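Engineer: just need the structure, nothing else, for what follows:
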Amino acid sequence: MPEIFGCKGDRQEALRLDRKEVGENVSRMIHVGRRVVLLYLFRMSFAGKRVLLFAASLFGYQDAIKSCLEQSGAKVDYFDERPANSFFVKAMIRINRNTLAAYIDRYHLRIAEQTKETPYDYILVIKGESMSSKTIKYLKHLHPQAQCVIYHWDSIANNANALRILPLFDRAFSFDRNDCRQFGMTFLPLFYMQEYADLAKESRPMDYDLLFVGTTHSDRYSLVNAVTRQIDTWGGRYFTYFFFPSKILYYKMRLLDRHLRGTHARDFHFKALGKQEVFDLFARTKATIDIQHPRQTGLTMRCIEALGAKKKLITTNAQIKEYDFYREQNILVIDRHHPVVPAEFFNTAYEELPETIYRKYSLENWLHTVLS
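Structural biologist: Reported below is the predicted structural model:
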């Protein structure tokens, strides 16, 4: 029967499109299936395990770790490693832990006595800035069967207590490659929470070209403002939220830090944004900016969160070029003394990465590595 009005070509095109759509659906099913299998294996690996977790309260990351472990079937007892989160206590621990040693040790002793009958499989300490050698030794005495693991998500240079307790752990990890080389730890970058991966699946209008939300330290304030002034020249949009833990610290730093001279308290915020507020801002921006501490070489949490959310990133940390997720189209490395941010960076599309890379930096994979 003769084909009329190009029906044969139309049918072939339809078949081609059907095959393409089937192929895309199969790829999506394979991806979803692989993630389900990996999550199942992850959850089976911790089923019935008992974990004693010490971590300072920090923007909800400790809750994410606890929740992820519990979703895997583990039973977790979490305690803030600090006896209090007042500005005074935080400052004294950072400046000289010995000034509050008796107070801190009593707090840790109460936790040890409270949990001594629990047969833990793991004792996981995040940073351990306030914990003494005496406390770690006592916990190991009470739980000789437990693997004792520490993870440093801050540089050793910012944690005077770190080297005192480091030899007491069975395994030690750090996000800072230089610290790992110098002190014999295992290198392990930070992670992103599942909520950031969920943002990558959303389709929302981009209200901002650039987002900065973070604690104010070193030259962060002046550097971010140098970048936003450049964005102003081509009519870009940005959102900045400079956080200080207290006004006392702000006024102290304004006297000591040349980068803050001439600023006003109204330029800063003294209450941290909620987790959901940060997620909402992340969902509505094309890119985020990371200014790492000058004494730090490891990638901050913000860098990994940008990866998870599939957002572009501007950073002062040139070491990011050594990571497997680095792509020039996605990540702009700037000189912290002479930052240059071209408008073209915001106008090109985000380059998708292999799924294996995204999985590598997930919280699930991070926990599997730390507690393997």
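Engineer: helices along the stretch 1-150 of the chain, start to end?
Structural biologist: 7-45, 61-71, 87-96, 101-115, 133-142 (DSSP state H, counting those that start in this stretch).
Engineer: so for the first one, mean pLDDT?
Structural biologist: The one in question is helix 7-45. The average of the pLDDT scores along helix 7-45 is 52.
Engineer: what does stretch 192-207 give?
Structural biologist: Rounded mean pLDDT across stretch 192-207 is 92.
Engineer: ends of that stretch, how far apart?
Structural biologist: Length of stretch 192-207, first residue to last, Cα to Cα, to the nearest Å: 23 Å.
Engineer: can you count the residues close to residue 177?
Structural biologist: Residue 177 is flanked by 18 other residues according to other Cβ atoms under 10 Å. Just so you know, the C-beta spots here come from the backbone N, C-alpha and C atoms, and that holds for glycine as well.
Engineer: from residue 188, how far off is it?
Structural biologist: Per Cβ to Cβ, to the nearest Å, residue 177 is found 10 Å from residue 188.
Engineer: and what of residue 150?
Structural biologist: The value you get for residue 150 to residue 188, if Cβ to Cβ is used, is 11 Å.
Engineer: how about the strands in the stretch 101-250 of the chain?
Structural biologist: Here the stretch 101-250 of the chain has its strands, by DSSP state E, counting those that start in this stretch, at 122-126, 147-152, 171-174, 186-187, 208-215, 238-243.
Engineer: closest one to residue 319 among those?
Structural biologist: Of all the strands of the stretch 101-250 of the chain, strand 186-187 sits nearest to residue 319, with 11.5 Å by Cβ to Cβ.
Engineer: which outside residues touch the closest one?
Structural biologist: 171, 172, 173, 174, 175, 177, 180 (Cβ atoms under 8 Å, 6 or more residues apart in numbering).
Engineer: list the pairing partners of that strand within its sheet, with orientation.
Structural biologist: strand 171-174 (parallel) (DSSP bridges).
Engineer: show me which residues of the partner strand are buried.
Structural biologist: 172, 173, 174 (16 or more other Cβ atoms under 10 Å).
Engineer: repeat that for stretch 66-78.
Structural biologist: Those would be 66, 67, 68, 69, 72, 74, 76, 78, for stretch 66-78 by 16+ other Cβ under 10 Å.
Engineer: quick one, what contacts the fourth one?
Structural biologist: Listed by Cβ under 8 Å, 6+ apart, the contact partners of residue 69 are 46, 51, 53, 76, 367.
Engineer: now for those residues, which pair is the farthest apart?
Structural biologist: So, the contacts of residue 69 by Cβ to Cβ: farthest apart are 46 and 53, at 12.5 Å.
Engineer: next up, the contacts around the nearest residue to residue 199 once chain neighbours are set aside.
Structural biologist: Of all residues not flanking residue 199 in the chain, residue 309 sits nearest, at 4.5 Å (Cβ to Cβ, 6 or more residues apart in numbering). Each residue near residue 309 by Cβ under 8 Å, 6+ apart is listed here: 192, 196, 197, 199, 200, 282, 283.
Engineer: are any of those residues buried, and if so which?
Structural biologist: By 16+ other Cβ under 10 Å, these give 192, 196, 197, 199, 200, 282, 283 as buried.
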